[in-house]
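**Student:** Below is the sequence, then the predicted model.
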Amino acid sequence: MIDIKLTREYYLESDVVKVAKDLIGKIIHSNIEGEITSALITETEAYAGVTDRASHAYNGRRTQRTEIMYKEGGTAYVYFCYGIHYLFNIVTNVKDIPYAVLIRGIYPLNGVDLMLRRVNKLKFDKNSGNGPGKVTKLLGIDKNHNGISLMDDTIWLSSGNITFNDSLIIADKRVGIDYAGDDALLPYRFYVKYNDVLRKIYE
DNA sequence: CGTACGATCTGCT
DNA sequence: GCAGATCGTACGA
């Protein structure tokens, strides 16, 4: 099975929740100043645009920051949070519909030494890639990557060659959005249980 | 212009 | 388990 870069069509999908789930098991790659890393996507969250109170674009909010979310699917939306962290999102759907998927967890595959250096650690454990702030740090993503196209060769995704059985993918409510009222209860977060497949790759 | 706070992580207790 | 770090963004005055 060949590892194929995800195309524009993939990101134009209108059901952002479906994309969030489908991204589990895909591979994310970064080439930051010639330093290449890749990792398996293990946790995501969907943000469903203008009707989703948890979304930055709720109620059609358009500001300098959120403008990126209105771009065509396949665009990177990177923003700064808690004064410390950059969070990486993938814009989906067609232009002017501000849907996005937050990447919350990865397992390092290639460029492991480089990633360890970036987080100043000696070795990984299975928690090293869970948390959206850790994801960007491991991959070397920061605000310079806000707005770039995932068709380019800086940050891109590929199909990978792993398919997780549906029963291994858990849907749950999203994290850290208590202010979103009822929308905080929506099962828009997806993650794969640490399982034998991962153990085999990772240990 | 001033201020409140957030899609969090780490290290120490 | 909790406080501290640390700053861009949004919004109201």
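**Tutor:** Looks like it arrived, so ask away.
**Student:** The residue in chain A positioned nearest to DNA strand C: what secondary structure?
**Tutor:** Nearest to DNA strand C in chain A, going by C-beta to the nearest atom of the strand, is A:Gly83, at a distance of 2.6 Å. Just so you know, the C-beta spots here come from the backbone N, C-alpha and C atoms, and that holds for glycine as well. Secondary structure for A:Gly83, judged by DSSP: H, G, I helix; E, B strand; the rest coil, is coil.
**Student:** quick one: pLDDT of it?
**Tutor:** pLDDT recorded at A:Gly83 is 92.
**Student:** and the gap between it and A:Val101?
**Tutor:** Per C-beta to C-beta, to the nearest Å, A:Gly83 is found 24 Å from A:Val101.
**Student:** Which of these two has more residues huddled nearby?
**Tutor:** The neighbour comparison of A:Gly83 against A:Val101 (other C-beta atoms under 10 Å) goes to A:Val101, with 26 against 5.
**Student:** what's the spacing between the residue of chain A closest to DNA strand C and DNA strand B?
**Tutor:** 5 Å (C-beta to the nearest atom of the strand, to the nearest Å).
**Student:** ditto for A:Thr66
**Tutor:** With C-beta to the nearest atom of the strand as the criterion, A:Thr66 and DNA strand B are 8 Å apart.
**Student:** got it, and A:Asp22?
**Tutor:** On the measure of C-beta to the nearest atom of the strand, A:Asp22 and DNA strand B end up 17 Å apart.
**Student:** quick one: contacts for that residue?
**Tutor:** If you count contacts by C-beta atoms under 8 Å, 6 or more residues apart in numbering, A:Asp22 has none.
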